[in-house]
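S.K.: I'd like to go over a predicted model; first the sequence, then the structure.
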Amino acid sequence: MKKLEIVLNPNLLEDAKEILNTCDIQGMMITNIMGYGNQKGFKKSYRGTSYTVNFLPKLKLETITDAETAEIIIKLLTERLPSDEIGGGKIFVYDVADVVRIRTGERGPDAI
């Protein structure tokens, strides 16, 4: 099993959700986050004073799926989401040792 943490621009959420739904994932979690990567933010001006905005609004979308589906999701996201500007997002892939459904005690892929 693989856990995908997909950090992306908030305006890409609907496209990402549509891609994930076509892959028949069992569920996802979405968190509003702030952060920066290579772009280190941007400069803004307010009433003649210039300042740097370091932390930009991002979304973290998380899902757990089998390894084969995870690769399909990664391929679709990298192909279909616009990537012509810096800060478009990243996908972090983790191995999941086990999953336990609290209600029934099911474990592994059956618990997803």
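M.R.: That came in fine, so what should we check first?

S.K.: How about residues contacting the one helix or strand residue 34 maps to?
M.R.: Assigned by DSSP states H and E, residue 34 belongs to strand 29-35. Strand 29-35 has contacts (CB atoms under 8 Å, 6 or more residues apart in numbering) with 7, 10, 13, 55-63. In this view, the C-beta of every residue, glycine as well, is placed from N, C-alpha and C.

S.K.: repeat for stretch 102-109
M.R.: Contacts for stretch 102-109 (CB under 8 Å, 6+ apart): 1, 66, 98-101, 111.

S.K.: wait, residue 88 sits on residue 8?
M.R.: Yes - in this structure, residue 88 is within contact of residue 8 by CB atoms under 8 Å, at 6.9 Å.

S.K.: hey, what's in contact with both of those two?
M.R.: By CB under 8 Å, 6+ apart, the residues touching both residue 88 and residue 8 are residue 81.

S.K.: Next, the angle from the helix or strand residue 21 falls within to strand 29-35.
M.R.: Element membership of residue 21, judged by DSSP H and E, is helix 13-22. Computed by axes from the mean of the first three to the mean of the last three CA atoms, to 10 degrees, the angle separating helix 13-22 from strand 29-35 equals 140 degrees.
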